[in-house]
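Q: have a look; sequence and predicted model below, questions after that.
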Amino acid sequence: MEVERWSTAQVEALAPDPGSLRNARGVTGRFTASGRLGDILWGLCRGYEVAVDLSGPAFRCSCPSRKIPCKHALALLLRWAESGVAEGEAPEFAGKWQAARSRPKVSTTPDPVAAARRAAERAERVAGGMAELRRWLDDQVEQGLAGFARSGRQAAESMAARLVDAQAPGAAGMLRRLAGAAGAGPHWADRVLGELGLLRLLADGHARLGELDPALAATVRSRIGFPTATEEVLAGPRTTDRWQVLGRVEVDDGALTTRRTWLHGTGTDRFALVLAFAAAGQPLPADLVPGTEFRGDLCFYPGSAPLRALVAERLSAAEPFASPQGAGSIRAALSSWAALLAAEPFRYDGPMLLAGVRPGDGHLVDEEGSALPLAPGHREPWWLLAAAGGHPATVAAEWSPAGLRPLAAWVGGEFVPAASPVPEPGARREPELPAELLAAALVGTARRPWAVGAVAAGSPSVAIGPPGSPSVTTGPPGSPSVTTGPPGSPSVTTGPPGSPSVATGAAALLEAVAVALVCRRAGVEPEAGRAPAPAAPAEVASPLPPAASARLERVLAGGAPGGGHLQQELLAQWLAAAAARGGFVRPALLPALLDAGRRDTTVRPALAQVAGARGAWLAGQRTEWRWLLDEVIPSRADLSALGAWPGRPGGSGGRADSDQGVWETGSGSVRLGLLVALRRADPDRARELVESTWARESPEDRARFLGAFGTGLSLRDEPLLERALDDRRKEVREAALDLLRVLPGAALGRRMAERAHAAVRFDGRRLFVEPPAELDQALGRDGVSAAQVRGVGAGAWLLEEVVAGTPLATWTGLDPDEWVRVARGHDWATPLLHGWAKAAILQHDPAWASALLAAAAGALRESVRWDLHLVLPPDHLARLAAEALRTEDGSAHRLLTLHPGPWPDRLAVVVLETVAARARTDRHTWQLGELCRTAALAMPPGYADLAGRLATELDQSLDPSRVRPVADLARTLTFRNEMLQELQ
């Protein structure tokens, strides 16, 4: 049977925690055999027998792990999802497990007499607890809620404990939620009174339990906390359909983790809720993967509006689906919500499947213009804006009085899970109850008698109850008498003041509260006039390969090997390779990617090249991401569309006018893009544009524009750069100095050379040094800093700075190594050597850097010495690092970290030899770990196979703690190798 392979994201969703996923990545390559037997994946990994039933999914592994699934089962699924497995002869354990999975389960029948006795005893205890709850609720309203903020919390906790003793845990949970709301935030009394009303409705329903419709009675029993055995549910009727897993929500209250998973039947158009629970520290079952569908039988728990269900049997394996069926408009969803509340007034939330919605102003807006608010924590759905780009999408969500809580979306056939909620402590909550009800409850009916009359003045009559049940309605004054309360309870009627049969007191007030609350929730109308976000512009470039975007998603989610300390470096390497290839990333990844760029400025240039038009569109809508707009360089097509692409040198006439117009009116990124393009095609025209607006530019823009002058730099740019030396802002002066110091023939270099050679003279035999006397204004303008290094005299510091700013080409007559040798024995050797070293760093002169490191490394300050290594050619630096490793020099590791990578083969071989030796002989493993982590990022990824074989060889004879760093090295190299192949 052909089974569609899962995506990597769907497999990763099964992981019980991030650590299990990381460990699974580490053992994917250690399977000695693997295959598929029908719906069963099997594998042998380091002696462990691993099997996964795809129709469940269910998991089996002979390892001692208590996590479900364990890392070996996850690794087997990852192996299948990423590269597939062969169908063939399976080992004995796989066949036996498949047979056991298909064997029907034998159930035992409990003693009916004992069960009936226990049920009767519990019913008696619950009846006593609920009767006491009714009296307690009436007392709270009689005494008034004004004092509830002070004493109500303790009183509610005491009553909740009594209900637990009475075996009514559901009612106790409602009461504890009420206790937590006492005095907490604005409109707390509204929330408390609403909960009190629903509790009273529940208690009244229990008092008339035998008179209720069986389905409604089942709902009341369930809300109170009567359990329904799994066997009883599974013995009930089955609903067969193709069930699509829409999404899930996990709630952790410290002691227990609850997972709500929503399903939707494509044929029955029916929603189903599957609940799963796990104690603290225990994993949740991973049998329902969002974004997949399966054909199977569900059994629903009994109730007036059955939603909760159990998966009775799977008739097919889980497979991804492109888009859910049954999505509709917001009005249709609200109609279904009202029907749900009419059948079960105690429900707080329910599922919605919305078609063609777009986010805007904290709402989702459908194609009819109807809008619903998003719940606090979800009001800025950047994940949906990124994935859909402001275009219509299908969204699955939970609706509650707080608003919509999105579960997932489907965009262009792609499943996009919703982002986690963002804490929103200042979120406002509107009251739900009429003011007259709240005022009476705050004062207390003992002090201010209350009549049912004017509860819903002006509102239409609304019926509450399942179809066919006696109506429970409310209406405006003057309407025919309206009854509130559960069917069969004493009538509590409302009408105009003074009409007969008007009930008063705490019980009547609480019943009216329940009716008003449910009417308010069921009668929600969609908002109108909400404008959705404008659509994003179309992409000009082509998308990156799907496998490459999937790899990026793993890196951003922390699923890359090596942990967090390597994640940022792997992200930088991926971005650099992707930028070199060209293309844009999968839009759904943009929020996480833009957040990564916000934290790390070094990846921004490459990130801007792969963010695409969607990334710039998103960045323009959020302050934290606006940095991207400064990094994005418009393409040739973008500039051509503006009429500003430099078509020929010496721009004049119409082209020059067009350039000038774009320069004066364009955004910051457009202006910078035009400047970069012009510096390549017509540097003089680019300079003219900058000069035309220089006086009114901000210091930040001046520095940015000068940064583009590195291309096409010539002496014709010198007047503008000299002008920038007099700018009041330091960043502008420094940008100009950086350019003038590398501009051959610049006046700055001549001025500094004149000072340096006046201070340092060599007559062929002796070196004469006379440092500058003072730091005058001219020296300061030319970049000599007054902030000297600690322990260096003023004269020595001025000499060092003057020499550092002098072009090295002016030191003629001797070779660099001869100048170093002459200076070493002189009294002023330290400032001279440091000045030459700084000049070599600034001017990127490898000859001077080699000479200084060879003959005077010990005389240089550590920071200068290591910066000097960065000027060396990579081959030279690799040679130094290899020699240091062979001689066990303590500087070897730092030399390795300075090499930009990838290392040449000679260095890579030496490092692998050192890794093998240290794994076998080093007393401590931290040095081995540091070496492996450095090699993982800089060693050519083609060495992954050699590193893997070394890890396997060491695993036969060494302690696992010594093998682990080598195995991590092999995994990271494999990861990088696959990463680069996916981008080719």
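A: Perfect, thanks for sending it. Model, not experiment: these values are computed from the prediction.

Q: burial count for the residue lying closest to residue 413 once chain neighbours are set aside?
A: Nearest residue to residue 413, sequence neighbours excluded (C-beta to C-beta, 6 or more residues apart in numbering): residue 322, at 4.0 Å. In short, each C-beta sits where N, CA and C put it, glycine included. Neighbour count for residue 322, taken as other C-beta atoms under 10 Å: 10.

Q: pLDDT at residue 322, what is it?
A: pLDDT recorded at residue 322 is 91.

Q: separation between residue 406 and residue 769?
A: 73 Å (C-beta to C-beta, to the nearest Å).

Q: re the thing from before, isn't there a helix covering the residue nearest to residue 413?
A: No: going by DSSP: H, G, I helix; E, B strand; the rest coil, the assignment for residue 322 is coil, not a helix.

Q: isn't it up against residue 394?
A: No: Residue 322 lies out of contact with residue 394 (C-beta atoms under 8 Å); the separation is 10.1 Å.

Q: need the overlap of contacts for those two.
A: Residues touching both residue 322 and residue 394 by C-beta atoms under 8 Å, 6 or more residues apart in numbering: residue 410.

Q: quick check: phi and psi on residue 408?
A: phi -170, psi 170 (degrees, to the nearest 10).

Q: so which of residue 406 and residue 769 has more stuff around it?
A: Taking neighbours as other C-beta under 10 Å, residue 406 and residue 769 compare with residue 406 leading, 26 against 18.

Q: burial count for the closest residue to residue 40 other than its chain neighbours?
A: Leaving aside its chain neighbours, residue 40 sits nearest to residue 98 (4.9 Å; criterion: C-beta to C-beta, 6+ apart). Close neighbours of residue 98, defined as other C-beta under 10 Å, add up to 18.

Q: likewise for residue 887?
A: 8.

Q: next: residue 15.
A: Residue 15: 22 neighbours (other C-beta under 10 Å).

Q: likewise the one 5 residues further on?
A: Taking other C-beta under 10 Å as the criterion, the count of residues near residue 20 is 21.

Q: that one contacts residue 68, doesn't it?
A: No: in this structure residue 20 lies outside contact range of residue 68 using C-beta under 8 Å: 9.8 Å.

Q: can you map out the helices along the stretch 301-450 of the chain?
A: Secondary structure of the stretch 301-450 of the chain (DSSP state H, counting those that start in this stretch): helices located at 330-343, 382-388, 435-443.

Q: pick the most deeply packed of these.
A: Among these, helix 382-388 has the highest mean neighbour count (mean count of other C-beta atoms under 10 Å), at a mean of 25.

Q: could you give the mean pLDDT of it?
A: Helix 382-388 comes out with an average pLDDT of 95.

Q: so how far is it off the chain centroid?
A: 12 Å (C-alpha atoms, centre = their mean, to the nearest Å).

Q: quick one: contacts of it?
A: Residues from elsewhere that reach helix 382-388 (C-beta under 8 Å, 6+ apart): 358-359, 393, 395, 406, 409, 411, 414, 416, 418-419, 533, 587-591, 614, 618, 621-622.

Q: one more time with 6 Å
A: Contact partners of helix 382-388, identified using C-beta atoms under 6 Å, 6 or more residues apart in numbering, comprise 359, 409, 411, 416, 419, 587, 588, 590, 591, 618.
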